[in-house]
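A.B. asks: Need coordinates for the below:
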Amino acid sequence: TTSPYSLYSESLASFTTGDLYDHHDAEGFITLFGLSTKVRAMKMQEMG
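C.D. replies: Reported below is the predicted structural model:
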């Protein structure tokens, strides 16, 4: 199914080719995304 209004681009959907995606960016995302979990664990440990 296709649509003239679709924002999907097959050339952008692949992270294996092209210069649009730097795999090193994932490290920062994972660190930032997990930060709230890490902070919560630290606070829970402080509270006993």
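A.B. asks: With Ser11 as the reference, measure out to Tyr21.
C.D. replies: Distance, Tyr21 to Ser11, using C-beta to C-beta, to the nearest Å: 12 Å. Where you see a C-beta, it was placed from the backbone N, CA and C, and this is true even at glycine.
A.B. asks: Please identify which of these two sits among more neighbours.
C.D. replies: When Tyr21 and Ser11 are compared on other C-beta atoms under 10 Å, the one with more neighbours turns out to be Tyr21, at 13 against 8.
A.B. asks: So that one versus Ala13, what's the distance?
C.D. replies: Using C-beta to C-beta, we find Tyr21 at a distance of 10 Å from Ala13.
A.B. asks: Quickly list what's touching both of these two.
C.D. replies: Taking C-beta atoms under 8 Å, 6 or more residues apart in numbering as the criterion, Tyr21 and Ala13 do not both touch any residue.
A.B. asks: returning to that earlier point: mutual contacts of Tyr21 and Ser11, please.
C.D. replies: Looking at what touches both Tyr21 and Ser11 (by C-beta under 8 Å, 6+ apart), there is no common residue.
A.B. asks: Send over the host helix or strand of Gln45 as PDB, restricted to the C-alpha atoms.
C.D. replies: Taking DSSP states H and E as the criterion, the element that holds Gln45 is helix 25-47. As requested, the backbone C-alpha atoms of helix 25-47 are provided in PDB (Å, rounded to 0.1, in the frame of the first residue of the first chain):
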ATOM      1  CA  ASP A  25      24.800   8.100  18.200                       C
ATOM      2  CA  ALA A  26      23.100   5.000  19.600                       C
ATOM      3  CA  GLU A  27      25.500   5.000  22.600                       C
ATOM      4  CA  GLY A  28      24.500   8.400  23.700                       C
ATOM      5  CA  PHE A  29      20.800   7.700  23.200                       C
ATOM      6  CA  ILE A  30      21.000   4.500  25.300                       C
ATOM      7  CA  THR A  31      22.900   6.300  28.000                       C
ATOM      8  CA  LEU A  32      20.400   9.200  28.100                       C
ATOM      9  CA  PHE A  33      17.300   6.900  27.800                       C
ATOM     10  CA  GLY A  34      18.500   4.800  30.700                       C
ATOM     11  CA  LEU A  35      19.400   7.800  32.900                       C
ATOM     12  CA  SER A  36      16.100   8.000  34.700                       C
ATOM     13  CA  THR A  37      16.300   4.300  35.600                       C
ATOM     14  CA  LYS A  38      19.800   4.700  36.900                       C
ATOM     15  CA  VAL A  39      18.900   7.800  39.000                       C
ATOM     16  CA  ARG A  40      15.800   6.000  40.400                       C
ATOM     17  CA  ALA A  41      17.900   3.000  41.400                       C
ATOM     18  CA  MET A  42      20.400   5.300  43.200                       C
ATOM     19  CA  LYS A  43      17.600   7.000  45.100                       C
ATOM     20  CA  MET A  44      16.000   3.700  46.100                       C
ATOM     21  CA  GLN A  45      19.400   2.500  47.400                       C
ATOM     22  CA  GLU A  46      19.800   5.700  49.400                       C
ATOM     23  CA  MET A  47      16.400   5.200  51.000                       C
END
